[in-house]
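>>> dropping a prediction and its sequence here:
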Amino acid sequence: MWAECMRRARLGRASRDLVFPAFLRISSITRLAALMGEAALPERVIGMHFFNPVHVMNIVEVISGLRTSNGTIDKTLALCKQMGKEVAVAKDSPGFISNRLLMPYINEAVQTLGEGLATKEDIDKVMKLGTRVPMGPLELADFIGLDTCLAIMKVLHSQLGDDKYRPAILLSKYVDAGWLGQKSGKGFYEYKKS
C-alpha cells in the first residue's frame with residue numbers, strides 16, 4: 001500500500017482524500033514529506049507510532065510534521081479512535097515522546113550493568129518493584145531488540161547532539177556479538193528458541 005501511495009504521489013495522482021501515514025519509530029516526518037516531494041502534498045504526511053505488540057498496547061503516538069495540516073491530524077485522530085486506541089500527539093522531533101524518554105532509561109540500565117553496579121536481575125527487580133513497571137529495563141531491551149535500542153540511541157545522539165544519548169559501550173558490544181535479545185535467543189537474558 002505504501003509503495004502505491006508513493007507511486008501515485010510521484011505521478012501527481014494522489015487522491016485529495018489520501019493521508020500518507022508513516023508507521024515508524026524515529027524518522028522525521030518533515031524530512032519524509034520533503035523526500036516524497038510536493039506532489040505527495042506534504043500537508044497530508046503524518047506519523048503514527050504503534051507500540052509492540054500492537055494488538056495489546058492501547059496507544060498510538062501521532063506525529064505531525066511542520067507542514068502537516070490540521071485536517072490530516074483530525075483524520076488521523078479519528079482513525080485511531082476507530083481502532084480503539086488512545087492517542088498522544090507529538091511534534092516532529094527525534095524519538096518523539098516515547099523513545100526520547102524510554103531509550104535513555106534503558107541505556108542507563110545497560111551502563112549500570114556495564115559498570116558492575118548491580119546484576120541484571122537486581123537492576124530489573126528494583127525498577128519492577130520500586131516503580132511498578134511490568135518489565136525491568138534490561139528485560140524490555142531484550143523484548144524490543146538490542147539492535148533496535150542501539151539504532152535509536154545512535155539517532156538520538158547524532159540528531160540531538162547531547163551526550164546523554166550516547167549509546168552504552170556494553171550495548172554496542174552485545175549487538176556486535178549478535179546478542180540481540182529475544183529474537184536471537186540471547187541478550188541480557190537467555191531465551192529458548194521456539
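Okay, I see it.

>>> which residues in this structure form helices?
2-11, 29-36, 70-82, 98-114, 120-131, 137-144, 146-160, 169-176 (DSSP state H).

>>> what's near enough to touch residue 183?
Residues in contact with residue 183, defined by Cβ atoms under 8 Å, 6 or more residues apart in numbering, are residue 145. C-beta: built from backbone N, CA, C; applies to glycine.

>>> tell me the pLDDT at the nearest residue to residue 42 once chain neighbours are set aside?
Of all residues not flanking residue 42 in the chain, residue 33 sits nearest, at 3.7 Å (Cβ to Cβ, 6 or more residues apart in numbering). On pLDDT, residue 33 comes in at 79.

>>> ditto for residue 41
Reported pLDDT for residue 41: 81.

>>> quick check: the closest residue in space to residue 96 that isn't next to it in sequence vs residue 100, distance?
Counting by Cβ to Cβ, 6+ apart, residue 90 is the residue found nearest to residue 96 once chain neighbours are left out, at 4.6 Å. Distance of residue 90 to residue 100, given as Cβ to Cβ, to the nearest Å: 9 Å.

>>> equivalent analysis for residue 165, please.
9 Å.

>>> mutual contacts of the two, please.
residue 156.

>>> what count of nearby residues applies to the closest residue in space to residue 93 that isn't next to it in sequence?
Nearest non-adjacent residue to residue 93, counting by Cβ to Cβ, 6+ apart: residue 100, 7.2 Å away. As a burial measure, residue 100 scores 17 neighbours (other Cβ atoms under 10 Å).

>>> surely residue 100 meets residue 91?
No. Contact between residue 100 and residue 91 fails when scored by Cβ atoms under 8 Å: they sit 11.2 Å apart.

>>> quick one: the residue nearest to residue 174 when sequence neighbours are not counted and residue 109, what's the gap?
Distances taken as Cβ to Cβ, 6+ apart place residue 146 nearest to residue 174, at 5.2 Å, with adjacent residues excluded. The spacing between residue 146 and residue 109, counted by Cβ to Cβ, is 12 Å.

>>> between these two, point out the one with more neighbours.
Using other Cβ under 10 Å as the criterion, residue 146 and residue 109 rank with residue 146 on top: 29 against 25.

>>> list the contacts of that one.
Contacts of residue 146 (Cβ under 8 Å, 6+ apart): 171, 174, 175, 179, 180, 181, 187.

>>> now swap in residue 98 and tell me
Residue 98 neighbours (Cβ under 8 Å, 6+ apart): 49, 51, 61.

>>> from these, keep the buried residues only.
When those are checked for burial by 16 or more other Cβ atoms under 10 Å, the buried set is 49, 61.

>>> which of the contacts of residue 98 lies at the shortest distance from residue 78?
residue 61 (16.1 Å; Cβ to Cβ).

>>> mean pLDDT lowest where, among the helices of the chain?
Minimum mean pLDDT among the helices of the chain: helix 2-11, a mean of 48.
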